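In: would you be able to build a 3D model of this:
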Amino acid sequence: MDLATDVDALAFDLAPIGIVMTENRVIRSVNQVFADLTGRSKPMLVGLSFRELYGSAREFEDFRDIGLAVLKRGDIYTDERLLAKQGGVATWCRFRARTLTPAEPLARVVMSYAAISDAPRAIRLTPREREVVVFLSQGKTSKEIAKALGLSPRTIEDVRARLLKKLDVRNVTELLSKLSRGDF
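Out: The predicted structure is shown next:
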């Protein structure tokens, strides 16, 4: 390796955000920040299906197509989501993705994850709560979430109520604000 390659590798590894490269949703390369966000070592992550970073197989499948149209246009997709850590802990992150292959958007993707709070704190949400929070952050109603998850609107309302109580907030706006600040 020459000096420029060493500097590039060091810059990638020490970037202030988590960076991950995937091929068909299998991790091919990560930096140390991403490894730290997931609670796994870099060697443990390389070759791992992204399925292992979701709370459930259903969550992995349901969120596959979110942002696909944006990637097909060659644009950058961005949202906010929970990144599951080994052991069930999750961190609220700002997520960005860009495909290297717009014709096949998931063939090769570069993604970044940045903890939203300057001092990220671990939170424990159930897989169902994580699913609902992601949809709430997209502005979906209980009816829309229920339809997407194949549940009743009443079930979604119960999950929302549980989230509000768990984080001691009065409404969804406060819930999302509290999660984004890491103020819990």
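
In: tell me how far the longest strand belonging to the chain lies from the chain's centre.
Out: For the chain, the longest strand by residue count, based on DSSP state E, is strand 90-99. Between the centre of strand 90-99 and the centre of its host chain there is 5 Å, according to C-alpha atoms, centre = their mean, to the nearest Å.

In: repeat that for stretch 62-78.
Out: Remark: stretch 62-78 is offset 13 Å from the chain centroid, using C-alpha atoms, centre = their mean.

In: show me what contacts residue 149?
Out: For residue 149, the contacting residues are 62, 131, 135, 156, by C-beta atoms under 8 Å, 6 or more residues apart in numbering. Every residue, glycine included, has its C-beta placed from N, CA and C.

In: helix or strand: which one has residue 47?
Out: Under the criterion of DSSP states H and E, residue 47 resides outside all helices and strands.

In: and the strands in the protein, which stretches?
Out: Remark: strands assigned in the chain by DSSP E are 18-23, 26-30, 77-84, 90-99, 109-115.

In: tell me, how many residues neighbour the closest residue to residue 46 other than its chain neighbours?
Out: Ranked by C-beta to C-beta, 6 or more residues apart in numbering and with sequence neighbours excluded, the top spatial neighbour of residue 46 is residue 27, at 5.9 Å. As a burial measure, the neighbour count of residue 27 was computed by other C-beta atoms under 10 Å and equals 23.
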